[in-house]
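Asks: model this:
(one chain, ligands or ions: 2)
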Amino acid sequence: MNDFARIRSELVKCSRCGKCLSVCPTYQLTTDERRVARGRVALAEAVLDAELDYTAKLKESIQSCLKCLRCSWACPSGVEVQTVITLLRRRMPRKYGLSLWNKFVFRYVLPRRKLTDILVRLASLVQFLIPGKKGMTRHLPLLFKGKRRIPHLPGRTALGRFGTEKKADANAVYLFTGCLMNYAYPEMIGSAIRSLKKLGYEVVVPRDQLCCGTPVLSLGDVEQAKRLAELNLSAFPGDAPIIVPCASCAKTLKDEYPALLGEKGERFARRVSGFSEFVSPRLDSRVIPLAAAALYHDPCHLRYGRNIAEQPRDVLRKAAHYVPSDGEDLCCGMGGLFSVHHYGMSSRIAGRKVAALRKAKGDLLVTECPGCILQLRDQLAQRGIDLPVRHIAEVLEEAVCRSEEPKRF
Ligand code: SF4
Ligand code: SF4
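Replies: Numbers count the residues shown, from 1 in each chain. Ligands and ions are numbered 1, 2, ... in the order given. Down below sits the predicted model:
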């Protein structure tokens, strides 16, 4: 099926019922019909029927979707809005399509681990030029109006510390690091590895693994996503389970790889589990809960993309004192590249989340997505709220390793 036939097969399902209006973060913010699934679907239909040309306004409507998957989750007709958006982005005419910079990064840098490492290392060496505090680096003043805080880049990546060329054998599991955790949050990968080891697993972290392809797909570069998927398949040989501590990477590996690679992508996807999805049924008396009151944030790609809501809460109940709070499933506004291209809108979406967190009573906020962690740390800090944000693997590590020496990070 070609792209337009595939788009059409989704469009015909839409009954215009409007159920997506109540869940879409960009519609709730703007009340603009062009910024909700129903309107985006109608625009796509007009493009296919040649009633509408690609214009800057159309591009804006398509690019301002977070691909949070809430509409697909709520849609009674099963419209896969994310597929429509990806294919429309892919079909953007050249003047509205991928920029030269994006092409360079996606097609030349991302498939080459060593080159990516060198560029990130260079960035880590010059980051001292940018003022920052509390482990966060203020972003370049010319971007994001100088407001956004991004993580301090550590000297060594997770793959540099833990990567190996070994193949996983019986009772071993693979770990997929994802780019953000590899380059910005290697301590979270360290926590995931030590927790899994404590639960009795040998953990193998293939050094050759690459970006899962989420940002590439998000901009509609399906060919490049396919190339990355092929390379990742070769990096994880055998049948061992693949544990993924990033909600967005897990969603892509699980749901997009079969679509990109067919049968072999499906076989690969069957081996993939999110972190809490894997550990939740395997926790036992070795877990000694922390006294800390832990709030939880649902990453959209975990809850609405993969219907995983209970497992992380189960882990939190066992590893800490989980305190349910209002707005746990409110979107943080990150949406990957959405927050880069639409930082103002992203911050305003985060405002609702932060308002809910202000009322909650907890010692820390826990989640399972490094993108959400980056966004929530930034947005909380900007609003002067001192609430630590942790990956669920860090909390579990403390709960299973309490009798040992403190963490090395
Ligand atoms: S919920 Fe689904 S069927 Fe209803 S308007 Fe939105 S996309 Fe169309
Ligand atoms: S994916 Fe999210 S932002 Fe995009 S239309 Fe659906 S609900 Fe709205």
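Asks: sec struct for Ala225, please.
Replies: Of the three states, Ala225 takes helix under DSSP: H, G, I helix; E, B strand; the rest coil.
Asks: residues in contact with it?
Replies: Shown here is Ala225, whose contacts under the criterion C-beta atoms under 8 Å, 6 or more residues apart in numbering are Gly213, Val216, Leu217, Glu256, Leu260. Placement of C-beta: from N, CA and C, glycine included.
Asks: could you find the closest non-adjacent residue to it?
Replies: Among residues not flanking Ala225 along the chain, Gly213 sits closest, at 3.9 Å (C-beta to C-beta, 6 or more residues apart in numbering).
Asks: dump the residue contacts of that neighbour.
Replies: Applying C-beta under 8 Å, 6+ apart, we find Gly213 in contact with Gln224, Ala225, Leu228, Ala229, Asn232, Thr252, Glu256, Leu260.
Asks: now render those residues as TSV, adding secondary structure.
Replies: Below are the contacts of Gly213 laid out as TSV (three-state DSSP):
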residue	secondary structure
Gln224	helix
Ala225	helix
Leu228	helix
Ala229	helix
Asn232	helix
Thr252	helix
Glu256	helix
Leu260	helix
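Asks: which among those gets closest to ligand 1?
Replies: Glu256 (20.1 Å; C-beta to the nearest ligand atom).
Asks: and that closest one, how many neighbours does it have?
Replies: When counting by other C-beta atoms under 10 Å, one arrives at 23 neighbours for Glu256.
Asks: quick one: it from Thr86, how far?
Replies: 9 Å (C-beta to C-beta, to the nearest Å).
Asks: list residues touching both of the two?
Replies: Common neighbours of Glu256 and Thr86, counting by C-beta under 8 Å, 6+ apart, are Leu217.
Asks: so what's the residue in the stretch 51-200 of the chain positioned nearest to ligand 1 up against?
Replies: Among the residues of the stretch 51-200 of the chain, Cys75 lies nearest to ligand 1; the distance is 3.2 Å by C-beta to the nearest ligand atom. Cys75 makes contact with Cys14, Lys19, Cys20, Ala37, Val81 under the criterion C-beta under 8 Å, 6+ apart.
Asks: now the last one, nearest residue through space, not along the chain?
Replies: Nearest non-adjacent residue to Val81, counting by C-beta to C-beta, 6+ apart: Ala37, 4.4 Å away.
Asks: count the neighbours of the one you found for me.
Replies: Once other C-beta under 10 Å is used to define contacts, Ala37 is seen to have 28 neighbours.
Asks: now, which of the contacts of Gly213 lie close to ligand 1?
Replies: Among the contacts of Gly213, not one lies near ligand 1 by C-beta under 6 Å from any ligand atom.
Asks: among those residues, which one has the most neighbours?
Replies: The member of the contacts of Gly213 surrounded by the most neighbours (other C-beta under 10 Å) is Thr252, with 30 neighbours in all.
Asks: if I look at that one, how far off is Glu368?
Replies: Counting by C-beta to C-beta - Thr252 and Glu368 are separated by 15 Å.
Asks: now Lys59
Replies: As for Lys59, its distance to Glu368 is 32 Å (criterion: C-beta to C-beta).
Asks: of those two, who's got more company?
Replies: Neighbours per residue, other C-beta under 10 Å: of Lys59 and Glu368, the larger number sits with Glu368, 30 against 17.
Asks: check the offset of stretch 59-69 from the chain's centre.
Replies: The chain centroid and the centroid of stretch 59-69 are separated by 15 Å under C-alpha atoms, centre = their mean, to the nearest Å.
Asks: right, is it up against ligand 2?
Replies: Yes - using C-beta under 6 Å from any ligand atom, we find that stretch 59-69 touches ligand 2 at Cys65, Leu66, Lys67, Cys68, Leu69.
Asks: is the third one in contact with Gln82, as I believe?
Replies: Yes - contact between Lys67 and Gln82 holds when scored by C-beta atoms under 8 Å: they sit 5.1 Å apart.
Asks: now do the helices in the stretch 51-200 of the chain.
Replies: Applying DSSP state H, counting those that start in this stretch to the stretch 51-200 of the chain gives helices spanning 56-63, 70-74, 81-90, 100-103, 113-126, 158-162, 179-183, 186-198.
Asks: now mean pLDDT too, for the ones you listed, in CSV please.
Replies: Supplementary listing: those in CSV, determined by pLDDT from 0 to 100:
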stretch, mean pLDDT
helix 56-63, 82
helix 70-74, 93
helix 81-90, 83
helix 100-103, 77
helix 113-126, 84
helix 158-162, 95
helix 179-183, 95
helix 186-198, 96
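Asks: can I get these in a markdown table including distance to Ile243?
Replies: Rendered in a markdown table, the data for the helices of the stretch 51-200 of the chain read as follows (distance: least, C-beta to C-beta, whole Å):
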| stretch | distance to Ile243 |
| --- | --- |
| helix 56-63 | 32 |
| helix 70-74 | 24 |
| helix 81-90 | 24 |
| helix 100-103 | 30 |
| helix 113-126 | 20 |
| helix 158-162 | 13 |
| helix 179-183 | 12 |
| helix 186-198 | 7 |
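Asks: need the buried ones from the residues of stretch 59-69 next to ligand 2 selected in ChimeraX.
Replies: What follows is the ChimeraX syntax selecting those of those that are buried according to 16 or more other C-beta atoms under 10 Å:
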select :65,66,67,68,69
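Asks: list the contacts of the residue in the stretch 151-300 of the chain that ligand 1 sits nearest to.
Replies: Ranking the residues of the stretch 151-300 of the chain by distance to ligand 1 (C-beta to the nearest ligand atom) places Cys300 first, at 16.2 Å. Applying C-beta under 8 Å, 6+ apart to Cys300 gives the contacts Leu66, Cys68, Leu69, Arg70, Ala247, Cys331.
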